[in-house]
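> below is the sequence, then the predicted model.
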Amino acid sequence: MNSILQLLPFYIFLIVFGACREKVHQIKVEPEPLGFTSTALNFSQNEAELVGVYFMPSWNTSSDPTVDRDSFWSCLQDRENCSNLQNPGIWGPRGRIYNKQYPYEGPYLDRKPIKELKGFYPRTDAEVAKKQLQYMKSFGIDFFAYNWFFGRHYFHHLNFAPQSKIYYPEGWKNDPNQSGRVAVPGLIEWGDQLEVLLEENAKLPREEQMKFAINWCDDSDERWRLWLKIGSPEELARQANYEGERPTKELYLQVHQKITQLWIDQYFSREDYLKGDDGRPIVYFYFPQDAESRAAFYGLTMKNLLDLSQETAKKSGLPGIKFIAVTAGPMQENERMYGLPTAWKAKNAKRPWEGGEYQKRQLLQEYVPRLKSMGFEGMTGYVYHNFMEKDNRSYEDMRETYRRHWNRWSAQFGADPNFEYQVPVAMGWDMRPAGGTWPQPSGFPSEPYKDLVHSTKSTFAAKLKEAQQVSKKYRPTNGNTIMICCWNEYLEGNHIEPSEGHGFSYLEAIKEVFGK
């Protein structure tokens, strides 16, 4: 989710879009007659929509353990404390540069959450978490998909606090001579906010609880290189890692299995986890091309990874997992250099952690038809920034590009009862608090004109109604889920959480359109 600005130097330019014009061919497929039976879906056109919203965690950017400088709030309040603006991996050695041509336009205090949410609230405040859940539920949102990150490269010790509290599969190998140092690395990153949300959710009466799902974000080139650095001479010299701890294909697969087992043990067994009618837990997968390209480094495919997850789930007594791909990307030939990669090659095979090249890039319309063969059973979006030649330079533009995506993908899968297109909606885009769209090593954004995609309650409601109509039209095969971006993408100007600037407007629009 391009939302993870501090972490995504590679993703930043994945979705830079060009501007040539070309007529779009609309695929026309007659929907299946109502009432058909499918093992995947069996929806009536009159069935109410299931409304989901993405939830983005924030994190502490301070090097001082006694100071919690929230990654969201610091960037909204001033530029001096915004770590993203000072990140040389994103903006180059001087960080984000402001001058007469590119002036600083903050602070962005209109995005401050309302006083009932305690303003710039601590992300682990239990009272705030309870309010967030209650607002979602009372205004017609059925579940939230939490943007979930996992650092593969972290080894830890089971017998040394506070690391002893970190999840590790029961019975898995560790070394008792090194304080229980684990054999398979990896831990959740920025999961503390989810823990509090789930604790508060469990305290609510059953009928007032929210459902939740994981939106797995495996999308940081920086973290990928940290994984590859395990066992390097530098890491061994400073004793961050030890002999035998190497990022092999075998270990990579073990980490993937560990991730799946973590979901099973900590999330899937919960009553409030989102499941399909067949009892399978639903997992969203943000930008599968990132995971696919890196798995290809080991000669693995996405199907290998998803099959391993399915096998692990079934061994634990579950009927399996339903994976939904979250996709976006360029669609024109002249943009292929920014397309969706399917392979990664190290610049130096002996020192892969120093970087590599993402290769075999595909356009979105080439990538999407492959999803089903990988093991995905559906697709949705996070934010669409264009469709073919049409860029989002206003919310009116965004509504048009979304219509084109809706029509293209709904029709493409309209006759397939085993692959659903969940209609996505976004409330806007404005990345100025994080420096602008899109960051370049020069210190300047490449397309700042895209930071003007601002909606109102009425235009957002109109977009929701259009999404609802598309959802109903293709209901027999595409299901009834509508995904909204986002609850709290403050640095991207894509947030429906009540703020001082727009109050409850966006939540009211959801309630009015879906009538819940």
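Yes, it's here.

> which helices and strands sit right next to the strand or helix carrying P476?
Secondary structure assignment for P476, by DSSP states H and E: helix 475-478. If contacts are counted by 3 or more CB pairs under 8 Å, 6 or more residues apart in numbering; DSSP states H and E, helix 475-478 sits against strand 420-421. Backbone N, C-alpha and C define where each C-beta goes, glycine included.

> mind listing the strands the helix or strand following the strand it packs on pairs with, and their directions?
Where DSSP H and E defines the elements, the next helix or strand beyond strand 420-421 is strand 423-426. If you go by DSSP bridges, strand 423-426 pairs up with strand 481-485 (parallel).

> state the three-state secondary structure for E271.
At E271 the chain is in coil, as set by DSSP: H, G, I helix; E, B strand; the rest coil.

> quick one: the helices in the stretch 301-450 of the chain?
Assignment of helices within the stretch 301-450 of the chain using DSSP state H, counting those that start in this stretch yields the ranges 302-315, 364-367, 371-374, 395-412.

> ok, E170 - how many residues close by?
7 (other CB atoms under 10 Å).

> what confidence value was assigned to it?
For E170, the pLDDT comes out at 94.

> re earlier: redo the helices of the stretch 301-450 of the chain as JSON lines? Include mean pLDDT, mean neighbour count and distance to M483.
Below are the helices of the stretch 301-450 of the chain laid out as JSON lines (pLDDT from 0 to 100; neighbours: other CB atoms under 10 Å; distance: least, CB to CB, whole Å):
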{"stretch": "helix 302-315", "mean pLDDT": "98", "mean neighbour count": "18", "distance to M483": "20"}
{"stretch": "helix 364-367", "mean pLDDT": "98", "mean neighbour count": "19", "distance to M483": "17"}
{"stretch": "helix 371-374", "mean pLDDT": "98", "mean neighbour count": "17", "distance to M483": "16"}
{"stretch": "helix 395-412", "mean pLDDT": "97", "mean neighbour count": "20", "distance to M483": "12"}
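
> adding distance to V182, write these out as CSV.
Listed next are the helices of the stretch 301-450 of the chain as CSV, based on distance: least, CB to CB, whole Å:
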stretch, distance to V182
helix 302-315, 18
helix 364-367, 35
helix 371-374, 29
helix 395-412, 41
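
> okay, and for the stretch 1-150 of the chain, where does confidence drop off?
Along the stretch 1-150 of the chain, segments meeting pLDDT under 70 span 1-46.

> what about the helices in it?
Using DSSP H, counting those that start in this stretch, the helices of the stretch 1-150 of the chain run over 9-14, 73-77, 88-91, 126-138.

> most tightly packed of the ones you listed?
Per residue and on average, the most neighbours among those fall to helix 73-77, with a mean of 23 (mean count of other CB atoms under 10 Å).

> which residues sit against that helix?
Residues from elsewhere that reach helix 73-77 (CB atoms under 8 Å, 6 or more residues apart in numbering): 58, 61, 81-85, 106-109, 111-112, 120, 433-434, 490-491.

> so how far is that helix from its chain's centroid?
21 Å (CA atoms, centre = their mean, to the nearest Å).

> now do stretch 223-240
Stretch 223-240 has its C-alpha centroid displaced from the chain centroid by 27 Å (CA atoms, centre = their mean).

> avg pLDDT for that stretch?
On average, the pLDDT along stretch 223-240 is 94.

> using PDB, list the CA coordinates for that stretch.
The C-alpha trace of stretch 223-240 is given here as PDB (Å, rounded to 0.1, in the frame of the first residue of the first chain):
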ATOM      1  CA  ARG A 223      13.200  -5.000   4.400                       C
ATOM      2  CA  TRP A 224      13.800  -7.500   1.600                       C
ATOM      3  CA  ARG A 225      17.500  -6.500   1.600                       C
ATOM      4  CA  LEU A 226      17.700  -6.700   5.400                       C
ATOM      5  CA  TRP A 227      16.500 -10.300   5.000                       C
ATOM      6  CA  LEU A 228      19.100 -11.000   2.400                       C
ATOM      7  CA  LYS A 229      21.800  -9.600   4.700                       C
ATOM      8  CA  ILE A 230      21.200 -12.300   7.300                       C
ATOM      9  CA  GLY A 231      24.500 -14.200   7.600                       C
ATOM     10  CA  SER A 232      26.500 -11.600   5.700                       C
ATOM     11  CA  PRO A 233      30.100 -11.100   6.900                       C
ATOM     12  CA  GLU A 234      29.100  -7.700   8.300                       C
ATOM     13  CA  GLU A 235      26.200  -9.200  10.400                       C
ATOM     14  CA  LEU A 236      28.400 -12.000  11.700                       C
ATOM     15  CA  ALA A 237      31.200  -9.600  12.600                       C
ATOM     16  CA  ARG A 238      28.900  -7.500  14.800                       C
ATOM     17  CA  GLN A 239      27.200 -10.600  16.100                       C
ATOM     18  CA  ALA A 240      23.800  -9.600  15.000                       C
END
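
> so which of the helices of the stretch 1-150 of the chain is nearest C486?
For C486, the closest of the helices of the stretch 1-150 of the chain is helix 126-138, at 12.3 Å, according to CB to CB.

> off-centre distance for that closest one?
Distance, centroid of helix 126-138 to centroid of chain: 21 Å (CA atoms, centre = their mean).

> now do stretch 296-310
In terms of CA atoms, centre = their mean, the centre of stretch 296-310 is set 20 Å apart from its chain centre.

> can you show me the CA trace of that stretch as PDB?
Extracted in PDB, the C-alpha atoms of stretch 296-310 (Å, rounded to 0.1, in the frame of the first residue of the first chain):
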ATOM      1  CA  ALA A 296      11.300 -15.900  -7.800                       C
ATOM      2  CA  PHE A 297      14.800 -15.200  -6.500                       C
ATOM      3  CA  TYR A 298      14.600 -18.700  -5.000                       C
ATOM      4  CA  GLY A 299      12.900 -20.200  -8.000                       C
ATOM      5  CA  LEU A 300       9.600 -20.200  -6.200                       C
ATOM      6  CA  THR A 301       6.200 -19.000  -7.500                       C
ATOM      7  CA  MET A 302       3.300 -17.300  -5.800                       C
ATOM      8  CA  LYS A 303       1.400 -20.600  -6.100                       C
ATOM      9  CA  ASN A 304       4.100 -22.300  -4.100                       C
ATOM     10  CA  LEU A 305       3.600 -19.800  -1.300                       C
ATOM     11  CA  LEU A 306      -0.100 -19.900  -1.300                       C
ATOM     12  CA  ASP A 307      -0.200 -23.700  -1.600                       C
ATOM     13  CA  LEU A 308       2.100 -23.900   1.500                       C
ATOM     14  CA  SER A 309      -0.300 -21.600   3.400                       C
ATOM     15  CA  GLN A 310      -3.300 -23.800   2.400                       C
END
